[in-house]
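Peer 1: Need coordinates for the following:
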Amino acid sequence: MDRLDPELIAPLEGIMEATGGGFDLSDIPATRAMVDGMLGAVNAEAPPLPGVDIEDRTAPSQEAGIEVPIRIYRPSHSDAPLPVLLWMHPGGFVIGSIEMDHLTARQLVKDLGCAVVSVNYRLAPEHPYPAPLEDCYGVLQWLGSNAKDLGFDAERIAIGGASAGGGLAAGLALLTRDRGGVAPVFQLLVYPGIDDSNIEPASDTVPENLFWSRESSRIGWNAYLQGKQATADVSEYAAPSRARDFDGLPDAFIAVGTADMLLTENIDYAERLSAAGAKVELRVYPGAFHAFESFAPMARVSQEFAGHRLEALRRAFGG
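Peer 2: Numbers count the residues shown, from 1 in each chain. Next comes the predicted model:
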């Protein structure tokens, strides 16, 4: 705890107490139910946010016959076409839903005047790689093809996500570059999970993340990769740190805390993106653990991160 930002300690202790010692992926259904219950309670207590319209609908996955639930957030009164952020939620590839970032998505719309489309991609282990990524790819292509009817600007589509969702966003950037189709102009990667093999032992410099353990990371990656975590038989689209060619990828914002076990892989990814010619804004937050801004949104470091994220998107959208 002595390496944490003091403002983050009490919120972390609170989430540890609320979860009975942290998320336990040895029982994925039970953890899903717990997380869904917590999200439902938090979102139900949030007051309405005037000026933001919300619509639930579906869009086609790249996998034939699959319709992906999505949630569209847009300003109530705006001049089309709108820039849009395609967002992938966190959850270790095995838990979570579009409810996880509901409050954040609508606030981004309010602050930026953009649209946000949140993807309820299928979860592992029932739907391992490539199903979740094909869901995201399909929704991205649908957004581009239907941008005019939706009131969106097909030339200003950014992709983003947090943790596992950030890994999906990074994988999506690689996939769209190589496969073709609608190309995102920017990637917003919030402590992205991009390296299936980089689960280092806990130490003073690489601490345990408490509520989300190294064992949870292993379980999540193995569920997503069908037991192939840390083996040679893993696609770079599934674990983007395995990529060797970074040419032609969009500019990026990458954010991570010094107390996050993903710190090393995130810094390495930022450096390789930058070396390939992408404009990369890397923000490292002292004393911040994984998902710090979700558990302690009013802490100074969380407010600083929120401001950096907002400005990065504003620049990406040309605002």
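
Peer 1: Point out where the stretch 101-250 of the chain drops to low pLDDT.
Peer 2: 200, 202, 204-209 (pLDDT under 70).

Peer 1: That one: strands as residue ranges?
Peer 2: 115-119, 152-162, 186-190 (DSSP state E, counting those that start in this stretch).

Peer 1: Tell me which of these sits most buried.
Peer 2: strand 115-119 (a mean of 28; mean count of other Cβ atoms under 10 Å). For every residue, glycine as well, the C-beta is placed using N, CA and C.

Peer 1: Three-state assignment for residue 256, please.
Peer 2: Following DSSP: H, G, I helix; E, B strand; the rest coil, residue 256 is assigned to strand.

Peer 1: For the strands of the stretch 101-250 of the chain, could you give me a markdown table that also reports distance to residue 277?
Peer 2: Compiled in a markdown table, the strands of the stretch 101-250 of the chain are given as follows (distance: least, Cβ to Cβ, whole Å):
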| stretch | distance to residue 277 |
| --- | --- |
| strand 115-119 | 28 |
| strand 152-162 | 18 |
| strand 186-190 | 14 |
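
Peer 1: among those strands, which is nearest residue 88?
Peer 2: strand 152-162 (3.4 Å; Cβ to Cβ).

Peer 1: what's the angle between that closest one and strand 115-119?
Peer 2: 50 degrees (axes from the mean of the first three to the mean of the last three Cα atoms, to 10 degrees).

Peer 1: gap between strand 152-162 and the chain center?
Peer 2: 13 Å (Cα atoms, centre = their mean, to the nearest Å).

Peer 1: for stretch 73-93, same thing?
Peer 2: With Cα atoms, centre = their mean, you get 13 Å for stretch 73-93.

Peer 1: what pLDDT, on average, does that stretch get?
Peer 2: For stretch 73-93, the mean per-residue pLDDT is 95.

Peer 1: ends of it, how far apart?
Peer 2: Separation of the first and last residues of stretch 73-93 by Cα to Cα, to the nearest Å is 23 Å.

Peer 1: Flag every buried residue along that stretch.
Peer 2: Neighbour counts over stretch 73-93 (16 or more other Cβ atoms under 10 Å) mark 73-75, 81-93 as buried.

Peer 1: so of these, which ones are in strands?
Peer 2: Judged by DSSP state E, strands contain the following of the buried residues of stretch 73-93: 73-75, 82-88.

Peer 1: Farthest pair within those residues?
Peer 2: Taking Cβ to Cβ, no two of these sit farther apart than 75 and 88, at 21.9 Å.

Peer 1: Could you count how many residues lie near residue 163?
Peer 2: As a burial measure, residue 163 scores 28 neighbours (other Cβ atoms under 10 Å).

Peer 1: Identify the residues contacting the nearest residue to it once chain neighbours are set aside.
Peer 2: The shortest distance from residue 163 to any non-neighbouring residue, by Cβ to Cβ, 6 or more residues apart in numbering, is to residue 90 (3.6 Å). By Cβ atoms under 8 Å, 6 or more residues apart in numbering, the residues touching residue 90 are 96, 100-101, 161-166, 291.
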